[in-house]
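A.B. asks: Build me a model:
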Amino acid sequence: MDDPMEKRCLLRDLNEMITCKICQGYLIDATTVTECLHTFCKSCIVKHLEDANTCPECEDLIHQSHPLDYIAFDRTMQDLVYKIVPQLEKAEYDRERAFYAERGLPCPKDQMAEENEEQKKAQEEQQMTPDANTNMDFHRFDEQVNLLLECPAGSATPKGGLKRKYIRCSSLATVTHLKKFIAKKLLNSMERYKDVDITCNDEPLYKDHTLKFVYVTRWRTKDPPMKLTFTPNAPEPAPALL
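C.D. replies: Coordinates of the predicted model:
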C-alpha cells in the first residue's frame, strides 16, 4: 500500500490556484487584493484598476476612489509559484532582460545582482561578521529602489534642501522611514517627521506604505528613479503670552 505522505500532486491540479484570472498565465509579481484576497499578476491588476474599482474575479468593490491603495505584493505566493513551476523564474528573467536589451537599457535585476556580488565580496574581504558590535546594513541584500527627492518648485526649503537628493534604499522601507530621514536632515530632529508631507504624481502617500508598493501603484512602468516630492512644514508658532 502506498504511503499517503508520498503521494505526488500533478501540476495541472494546481494550475487554478497559481494562475492569474485576467491573463490566464502563471502569476508573475503576484499581487493580492487586500479586501477579498484574490491574487493576480501585478501588471494585470494595475491595468485593470486604471479603469475599474472592483475585483476582476469576484467583482466586489475594492475602494470607491483609490483601489490601487488596497493591493499588495504577495511574496509568499510568488515564491510558491516559482517553486512549483519548473523554469518559470528563469524564463521570466530572460524575458525581462530581453525587454530592456531591445530598448538599450540595463536590466534592473542584473544591476542589483552585480551590486550584491560586489557588496558580498567587500564583506568577505573585510571579514565582517554580523554581531551586536558591528555597524552593518542588514537590508543591503533587499530589493533596492532608486529615488529622487525634491521640493515643489518655488517652495522655501530649510537649509536649501537635501544635499543628496538621489538615494538608493531597500524597497521594504516605508514612507515613514523617508519622512524621518528628511526631518533629520532638514528639520534637525527625527521626531518632527510628522511635519513632512510626501507625494508621488501629486498623490499623497500613506505612512505605512512600502516603497515597493508606492513604485508598483504610483510609478508603475516609468523609468527609475522614482520621483517623490516632499514638503517640510514649519511648526506653528507658540501662542503669545498675555
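A.B. asks: buried stuff in stretch 30-49?
C.D. replies: Going by neighbour count (16 or more other CB atoms under 10 Å), the buried part of stretch 30-49 is 30-33, 35-36, 38-49. Heads up, the C-betas are built off the backbone N, CA and C, glycines and all.
A.B. asks: Now do the helix or strand in which Tyr100 is found, average pLDDT.
C.D. replies: Element membership for Tyr100 (DSSP states H and E) is helix 88-102. Per-region confidence: helix 88-102 scores 89 on mean pLDDT.
A.B. asks: i'd like the first residue to be 358 from this point on
C.D. replies: Sure, I'll start numbering at 358, so the last one becomes helix 445-459.
A.B. asks: and for it, what are the contacting residues?
C.D. replies: 383, 385, 438-439, 463-467 (CB atoms under 8 Å, 6 or more residues apart in numbering).
A.B. asks: if you set the cut-off to 7 Å instead, what comes out?
C.D. replies: By CB atoms under 7 Å, 6 or more residues apart in numbering, the list of residues contacting helix 445-459 from outside reads 383, 385, 438-439, 463-464, 466-467.
A.B. asks: Show me which of these are buried.
C.D. replies: Buried residues within these, counting neighbours by 16+ other CB under 10 Å: 383, 385, 438-439.
A.B. asks: which of the residues you listed lies closest to Thr588?
C.D. replies: Lowest distance from Thr588 to the buried ones among the contacts of helix 445-459 (CB to CB) belongs to Ile385, with 36.0 Å.
A.B. asks: Look at the closest one and tell me its secondary structure.
C.D. replies: What DSSP: H, G, I helix; E, B strand; the rest coil gives for Ile385 is coil.
A.B. asks: next one: Asn503
C.D. replies: Quick answer, by three-state DSSP: Asn503 is strand.
A.B. asks: Please name the residues that touch it.
C.D. replies: By CB under 7 Å, 6+ apart, the contact list for Asn503 reads 525, 581-583.
A.B. asks: Buried ones in stretch 576-586, by neighbour count?
C.D. replies: 576, 582-586.
A.B. asks: Could you do stretch 542-557 as well?
C.D. replies: 542-544, 549-550, 552-553, 555, 557.
A.B. asks: what's the answer for stretch 526-534, then?
C.D. replies: Buried residues in stretch 526-534 (16+ other CB under 10 Å): 526-528, 530-534.
A.B. asks: which regions of this protein lie under the pLDDT threshold?
C.D. replies: The model of the chain has pLDDT under 70 over residues 358-364, 480, 482-498, 513, 591-599.
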